[in-house]
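S.K.: my questions concern the predicted model and sequence given below.
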Amino acid sequence: MAQATLATEGESPGAPAPPSGAERGHAPLSLLRLLIQRREMTVIVVTVLVIIYFSYRNSNFYSVANIITLVQYFAPIAVIGAGETLVIVLAEIDLSAGAVYLTAPWFVYLLWSGGLPLGWAIAVALACCVVIGFLNGMIAVGLGVSSLIVTLATNYALFGLVLVVSNATQVDMPGVTGHFGIVFGIGDWSTILWALGIVAVAWALLKRTRFGVHITATGGNLLGAAESGIPVRRVKVWCFMLIAFASAFAGILDAIRIESINPGNSGLDIVLPGIVAAVIGGTVLTGGRGTIVGTLIGALFLGVLEDGFNMIGVSANWFYLAEGVSILVAMAVNTELGKLAARTKR
């Protein structure tokens, strides 16, 4: 005997069953998990919205000329931010990166003026800046002094050194002509290509190497990492050397692009945006968690803000206000996401 197939009113026999309440709740739950697991998602969404807003206010926002300008804003922030991410994941901080950014071109200029070929002058200048990073790390680790205090002192010492040596006078940067200048800063896209290369190396170092595992473990639990055999002191010193190298390289690239070196900048104007980019990108100041991709997006966000404010005629002072609000909001979001992650694990 054939059995009749029953269907409820308004529903065809072959139609799929409507999703249950639990299934309907999966979408927001999955989105919440994505935000918890991918800290950079928040800043990506905000950056896209800001880009849409500025492009609506000024139709030239997407022009090639403005994109080149935008790139020049955020490239050095991305490089220094990537270095800061490595240090912040260790639960440390480096305020001298901006002064290293400022000092490196002066090293190049002095060495070149003394008769050293430009290529060698750049290499020696980079090596000198790596030594500065080494000293920062050794003082912080060896003497147990807070890296905040050590690097702040280094920042002012380097700034004072530049003022004394330069007599507070701006000079022309060598290497601004020919193919060398095009590759190292004069070319429209050379700065961002170098920046993306350095950021990619930092990402691979943090996420794809044993050294990166050691960085995360050291920042997450210093005592536990040391007891498990990780050379925590060496890891910290290496990270201070890496950020010094990255900051010096960014400073040399920018000096060649601008074609001059200005001693009237303490470096804090470039290092603080780097730290902000790392924090709003999802790196936690207490250590143990960080994302290079988030830092890159955070640097893009800051670059879009500065460029967008300039395009729509808003005072640059608003940029600093936006930076302050951004870091406060980012810290609050990171804290809440950390609590949610802990509850999710439980």
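M.R.: Received it, and whenever you're ready, just let me know what you need. Numbering: from 1, shown residues only.

S.K.: OK, contacts around the residue nearest the centre of the chain?
M.R.: In the chain, the centroid-proximal residue (CA atoms, centre = their mean) is Gly81; its distance is 2.3 Å. Gly81 is in contact with 273-275, 277-278, 281, 295-296, 298-299, counting by CB atoms under 8 Å, 6 or more residues apart in numbering. Bear in mind the C-beta positions are built from the backbone N, C-alpha and C, glycine included.

S.K.: filter the residues you listed down to just the ones in strands.
M.R.: Among the contacts of Gly81, none falls in strands (DSSP state E).

S.K.: any chance of the residues you listed in JSON lines, with pLDDT too?
M.R.: Output for these, formatted as JSON lines (pLDDT from 0 to 100):
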{"residue": "Pro273", "pLDDT": "89"}
{"residue": "Gly274", "pLDDT": "92"}
{"residue": "Ile275", "pLDDT": "92"}
{"residue": "Ala277", "pLDDT": "91"}
{"residue": "Ala278", "pLDDT": "92"}
{"residue": "Gly281", "pLDDT": "87"}
{"residue": "Thr295", "pLDDT": "94"}
{"residue": "Leu296", "pLDDT": "94"}
{"residue": "Gly298", "pLDDT": "91"}
{"residue": "Ala299", "pLDDT": "93"}
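
S.K.: could you identify the most distant pair in these?
M.R.: Using CB to CB, the contacts of Gly81 span at most 14.3 Å, a distance reached by Ile275 and Leu296.

S.K.: mind listing what's buried in stretch 283-293?
M.R.: Along stretch 283-293, these residues count as buried under the neighbour rule (16 or more other CB atoms under 10 Å): 283-285, 287-293.

S.K.: tell me the secondary structure of the closest residue to Thr283 other than its chain neighbours, please.
M.R.: Among residues not flanking Thr283 along the chain, Gly290 sits closest, at 3.8 Å (CB to CB, 6 or more residues apart in numbering). With DSSP: H, G, I helix; E, B strand; the rest coil as the basis, Gly290 sits in coil.

S.K.: any weak-confidence spans in the chain?
M.R.: Scanning the chain for pLDDT under 70 picks out the ranges 1-39, 265-266, 330-331, 334-335, 337-346.

S.K.: can you get me a residue count around Ala125?
M.R.: By other CB atoms under 10 Å, the residues close to Ala125 number 25.

S.K.: quick one: it from Leu328, how far?
M.R.: 37 Å (CB to CB, to the nearest Å).

S.K.: likewise for Thr209?
M.R.: 33 Å.

S.K.: what's in contact with stretch 218-236?
M.R.: Identification of contacts with stretch 218-236 by CB under 8 Å, 6+ apart yields 88-92, 137, 140-142, 211, 214-215, 217, 287-290.

S.K.: I'd like to know which of those are buried.
M.R.: 88-92, 137, 140-141, 211, 214-215, 217, 287-290.

S.K.: taking the residues you listed one by one, which sit in helices?
M.R.: Judged by DSSP state H, the subset of the buried ones among the contacts of stretch 218-236 located in helices is 88-89, 137, 140-141, 211, 214-215, 217.
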